[in-house]
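1. Give me the fold of what follows.
(one chain, ligands or ions: 1)
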Amino acid sequence: MTTSYRGYETIEEDWPRFYREFADVYDRFSGHSAATAAALIDMFKLDGKVILEVGCGTGIATVELARKAKVVIALEPEQAMMKVAREKVQEKGINNVAFAYGIAEKLPLAENSVDCAITIYASLPHEEASRVVRKGGIIIRAANHYRWYGGELRSVIFGEDEKARSRVIREGYKWDRKLRRDRAYSYKDILVTHTYSSLEEAIGTYGFIFGKKAIDYILANDKKTITHKLRVYFKEI
Ligand SMILES: C[S@@+](CC[C@H](N)C(=O)[O-])C[C@H]1O[C@@H](n2cnc3c(N)ncnc32)[C@H](O)[C@@H]1O
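-> Next up is the predicted model:
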């Protein structure tokens, strides 16, 4: 069951359910992952590299990475997400992507086996990543900037719930500090924008996951374009 609001459906930030039951909607929601992958290819000169992509989801970034990489090993634990990713890769006739089921915490790869381990909006523990990346290779983690959960509508999503907002920022900042200070990752912030094809599409995807306040705002402001700020952490091995 989903919640119905003003004639639209929402699952109000139930992310695991989004991946498990609504992979097709996720695929239409997260178009900005393609722009993110394109930015990372440019920033880190990933042409011709063997790339492990952790938490590939529906393969939005995978196909971008595959355009330039030698090989992309696309890892994902959720069958429904991977099914969409596989179909996408097959439809496009891409033949340098290998899919693997698995989780970031236990990568099903040998030591020193890839040039680059990359994740966009998924977890990637440093120990595991540095085990599989060869010497001279790189780990790249692109995540929401810790003040930008939900993108430019972040203050709309939290509304008056100052406690929830502070909790999310605090958690994000803890991660940020851990990576930068304890693990010595460098970082660069980037902005990426996704334009939905219509107002209905923006509500049916972004509104579907972020809920009632997002739906109200999109309707009131005819909002079809959402910008996200990501913090890209990176570390050479
Ligand atoms: C927000 S989505 C990002 C998907 C894709 N990278 C993108 O940018 O569109 C997070 C993905 O990470 C996957 N995931 C969740 N837990 C994971 C874990 N422990 N290891 C690897 N992937 C995980 C989810 O199933 C989901 O597909």
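
2. Close to the ligand: what parts of the protein are there?
-> Among all residues of the chain, those adjacent to the ligand (criterion: Cβ under 6 Å from any ligand atom) are 19, 30, 33, 54-57, 60-61, 76-78, 81, 103-105, 120-123. Bear in mind the C-beta positions are built from the backbone N, C-alpha and C, glycine included.

3. Nearest to the ligand: which residue in the protein?
-> For the chain, the nearest residue to the ligand under the criterion Cβ to the nearest ligand atom is residue 57, separated by 2.5 Å.

4. hey, where'd the strands end up in this protein?
-> Assigned by DSSP state E, the strands in the chain fall at 3-5, 8-10, 50-54, 71-76, 97-101, 114-120, 133-144, 186-195, 225-236.

5. Of the residues of the chain next to the ligand, select the buried ones using a PyMOL command.
-> The PyMOL selection below is limited to those of the residues of the chain next to the ligand classed as buried (16 or more other Cβ atoms under 10 Å):
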select buried, resi 19+30+33+54+55+56+57+60+61+76+77+78+81+103+104+120+121+122
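
6. who are the neighbours in contact with the residue nearest the centre of the chain?
-> Against the mean C-alpha coordinate of the chain, by Cα atoms, centre = their mean, the closest residue is residue 121 at 2.9 Å. Taking Cβ atoms under 8 Å, 6 or more residues apart in numbering as the definition of contact, the neighbours of residue 121 are 30, 33, 55, 57, 142-144.

7. Go again with 10 Å.
-> 15, 30, 32-33, 36, 55, 57, 61, 141-144, 228, 230 (Cβ atoms under 10 Å, 6 or more residues apart in numbering).

8. Ok, residue 101 next?
-> If a contact means Cβ under 10 Å, 6+ apart, then residue 101 has 75-79, 82, 108 as its contacts.
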